[in-house]
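1. kindly return the folded structure for what I paste below:
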Amino acid sequence: MRVRYSRRGGALARRKAFALSLERTGFNMVELAQSYHELEKCRKDILYVIKPTEDDRNKRLHAIQEIVNSVHLVGYLGDAAVKPFGSFVSNLYAKSGDLDVSVELPNKYGFPTSKETKQDVLNELMMALQIEGVARDVNFIPTARVPVLQYVSNHFGISCDISIDNYPGQIKSKVLYWINTIDERFGDMVLLVKEWAKAQNINDPKNGTLNSYSLCLLVLFHFQTCKPAILPPMKEIYDVSITEGSGRFNENSLDQICVENIAKFRRQNIGQRNQSSLSHLLATFFEKFCHIGTYSSDHLISTYTGEMKRNLYWMARSYCLFVEDPFQRPENAARTVDMLELRRISRAFTRAKDMISSDRGSHRNELLSLLCTPEVGSKLGARATADRYTNPAMSPQQHRFTELMEYLTADLHRNRYDQRARGSTGSRPVRSGRQAAKPYQSQQLNCPQM
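-> Take a look at the predicted model:
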C-alpha cells in the first residue's frame with residue numbers, strides 16, 4: 001500500500017531529511033568507505049584548466065590600468081582612486097571570472113555619495129572608456145541597487161564591472177581573502193562549486209538563481225559545519241555590520257584584526273585539523289544541500305555564527321532562500337532566487353549527490369559533464385552526453401518556461417488529489433485556466449509556509 005503525505009506533512013518529512021543530511025555530512029565529517037578515485041582525477045583536471053595563471057593575473061592588472069587612464073580623462077575625477085574588489089582580491093577567481101572595480105571619489109567631508117552622483121560619474125566614465133576604445137558590449141545599469149557599468153575589455157577580453165565607492169564590497173573581499181589563507185581547500189572548493197553551478201545553469205542571479213557570492217557562502221558554511229570544523233564562524237574573524245552608506249575603512253586595521261583572530265583560531269585547534277580530501281568535501285557538499293529547497297521559509301544559513309538558525313527576520317518570509325550576509329546582517333545574499341529556480345537548484349544538488357554516490361560516479365565522462373561547462377570539458381576530452389542535466393542549447397527563458405509548466409502541472413495534480421481526499425467526485429474543474437497562473441505569481445513574491 002502506497003503511503004501518501006499531506007503537503008504539510010511532506011514538508012515536515014523533507015525538513016527532517018535535511019536535518020539528517022546535515023548530521024550525516026556536516027556535523028559528522030567521517031570519510032565514507034566509497035572511493036573517490038575518478039572524482040579526484042576529474043577535480044584536479046578541472047582545477048588545472050580553470051585556475052588562473054600569472055598571465056591571467058597580469059591581464060587583470062592591465063585592465064585596471066585601463067580604467068585608471070579613463071578616469072583621468074574625466075576632469076573632476078583626477079583625484080579618484082581605482083581599487084579592485086571581489087573574487088580577484090579574495091583570490092577566489094577563475095580564468096573566466098569577472099573583474100570588479102570600485103572608483104573612490106574624493107570626499108573630504110565624509111558624506112555618503114548619492115545614487116544620482118554615482119549614476120552621473122558612471123555615465124561619464126562610460127563615454128571615456130568608449131572614446132579610448134577600451135570597452136565593447138557596454139551595459140550601463142543606473143537603476144540597480146548598486147549602479148554598475150559593465151563591459152568587456154577590447155584588449156584583454158575580461159568582463160569588468162565598475163561601481164562607485166563600493167566600500168562594502170572591498171571589506172567583504174578583504175576578509176574573504178584572509179579566510180582563504182586558513183585552508184587552501186576552501187579556495188579550490190569555491191572554484192569547483194562555481195564551475196559546477198555554471199554547468200548546471202544555476203549561477204545566474206538575473207534569471208532567479210544563485211550569485212557567486214551566495215555560492216561562496218554556502219561553501220564557507222559547509223567548511224564551518226564539518227567535524228572538526230575547517231573554518232570558524234565569521235564573527236570570530238571580523239565582527240562587523242556594514243551599511244550601504246559605509247565610508248572609507250582602515251585597511252591596515254582590518255588586516256591586523258583578521259591576522260590576530262586567525263592565529264587564535266589555529267591555536268585553539270592544534271591537533272584537530274580536518275583531514276578530509278577535497279573530493280570528499282565536494283561530495284558531502286552536494287549531500288548537505290540536496291534538500292536546500294525544503295526549509296527556505298523557516299531557517300536561514302548563517303556563516304556569521306556558523307549554524308543553521310531559525311528565521312527571525314520579519315522580512316525573511318518573502319524570500320524563497322535565505323543565505324545571511326555575514327557582513328550586512330540581516331541582508332540576504334541569495335535574495336534573487338525565486339521559487340521556480342529554487343526547485344531546479346535543489347534538483348541540481350540532488351543529481352550531483354546521486355551521481356557521485358552511484359556507479360556513474362566512476363565514469364570520467366559522466367563526472368565531467370556534471371561538474372564543468374562544455375567549454376572546460378572539451379579541453380579535457382569530455383563528450384557531450386544525452387542526459388546532461390541542462391541542455392546548453394536552451395536559453396534561460398526556455399528553462400524557466402519548462403520549470404513553470406512542470407510546476408503548474410504538479411500543482412494541478414496536487415489539487416486534484418486534495419479534492420479526492422476531501423470526497424470530491426472530481427466532476428468539476430478544480431481551477432479555471434485563468435486562476436491556474438496565480439500560484440506562480442504568488443511564488444515569485446512570497447514563499448509558501450512549510
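
2. only C-alpha atoms for contact and neighbour calcs from this point on.
-> Noted.

3. mean confidence score for stretch 208-224?
-> Averaged over stretch 208-224, pLDDT sits at 97.

4. equivalent analysis for stretch 232-246, please.
-> For stretch 232-246, mean pLDDT is 83.

5. just the buried positions in that stretch, please.
-> 232-234, 236-238, 242, 246 (16 or more other C-alpha atoms under 10 Å).

6. show residues contacting that stretch.
-> 112-113, 167-168, 175, 224, 254, 257-258, 261-262, 265, 303-306, 326-329 (C-alpha atoms under 8 Å, 6 or more residues apart in numbering).

7. filter those residues to the buried ones?
-> Buried, going by 16+ other C-alpha under 10 Å: 113, 167-168, 175, 224, 254, 258, 261-262, 303-306, 326-329, out of the contacts of stretch 232-246.

8. contact partners for Leu77?
-> 71, 105-106.

9. look up the closest residue to Tyr93, ignoring the ones flanking it.
-> Counting by C-alpha to C-alpha, 6 or more residues apart in numbering, Tyr93 lies nearest to Ser87, which is 4.8 Å off, once chain neighbours are set aside.

10. name the nearest residue to Leu210, sequence neighbours excluded.
-> Leu210's closest residue in space is Asn203 (C-alpha to C-alpha, 6+ apart), at 4.9 Å.

11. the one you found: how many residues sit nearby?
-> 23 (other C-alpha atoms under 10 Å).

12. hmm, Asn211 and it touching each other?
-> Yes: proximity of Asn203 to Asn211 meets the contact threshold set by C-alpha atoms under 8 Å, at 5.5 Å.

13. strands of the chain, start to end?
-> Assigned by DSSP state E, the strands in the chain fall at 81-85, 99-104, 135-141, 148-153, 159-164, 299-302, 307-310, 323-324.

14. could you dump those into CSV and include distance to His62?
-> Shown next, in CSV, are the strands of the chain (distance: least, C-alpha to C-alpha, whole Å):
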stretch, distance to His62
strand 81-85, 12
strand 99-104, 11
strand 135-141, 13
strand 148-153, 10
strand 159-164, 12
strand 299-302, 37
strand 307-310, 41
strand 323-324, 34
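
15. of all the buried residues of stretch 232-246, which comes closest to Thr143?
-> Ser246 (19.7 Å; C-alpha to C-alpha).

16. flag the shaky bits of the stretch 201-350 of the chain, pLDDT-wise.
-> Scanning the stretch 201-350 of the chain for pLDDT under 70 picks out 244-247, 295-297, 313-317.

17. 80 - rerun?
-> Applying pLDDT under 80 to the stretch 201-350 of the chain flags residues 243-249, 294-298, 311-318.

18. name the nearest residue to Lys206, ignoring sequence neighbours.
-> Of all residues not flanking Lys206 in the chain, Thr336 sits nearest, at 7.4 Å (C-alpha to C-alpha, 6+ apart).

19. quick check: that neighbour touching Ile202?
-> No: applying C-alpha under 8 Å as the test, Thr336 and Ile202 come out as separate, 11.5 Å apart.

20. between the two, which one's more packed in?
-> Higher neighbour count among Thr336 and Ile202: Ile202, with 26 against 20, using other C-alpha under 10 Å.

21. pLDDT (mean, whole number) over stretch 185-196?
-> Per-residue pLDDT over stretch 185-196 has a mean of 98.

22. quick one: buried residues of it?
-> Buried-residue list, stretch 185-196, by 16+ other C-alpha under 10 Å: 185-196.

23. now those as CSV including distance to Phe285?
-> Compiled in CSV, the buried residues of stretch 185-196 are given as follows (distance: C-alpha to C-alpha, whole Å):
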residue, distance to Phe285
Arg185, 13
Phe186, 12
Gly187, 14
Asp188, 13
Met189, 10
Val190, 11
Leu191, 13
Leu192, 11
Val193, 9
Lys194, 13
Glu195, 14
Trp196, 12
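
24. the residues you listed in helices, which ones?
-> 185-196 (DSSP state H).

25. ok so, going back, hey, least reliable of the strands of the chain by pLDDT?
-> strand 307-310 (a mean of 86).

26. tell me the helices and strands packed up against it.
-> Other helices and strands packing on strand 307-310, by 3 or more C-alpha pairs under 8 Å, 6 or more residues apart in numbering; DSSP states H and E, are strand 299-302.

27. quick one: strands adjacent to the strand it packs on?
-> Applying DSSP bridges to the sheet, strand 299-302 is found paired with strand 307-310 (antiparallel), strand 323-324 (parallel).

28. other residues contacting it?
-> If you take C-alpha under 8 Å, 6+ apart as the criterion, strand 299-302 is touched by 218, 221, 307-311, 321-326.
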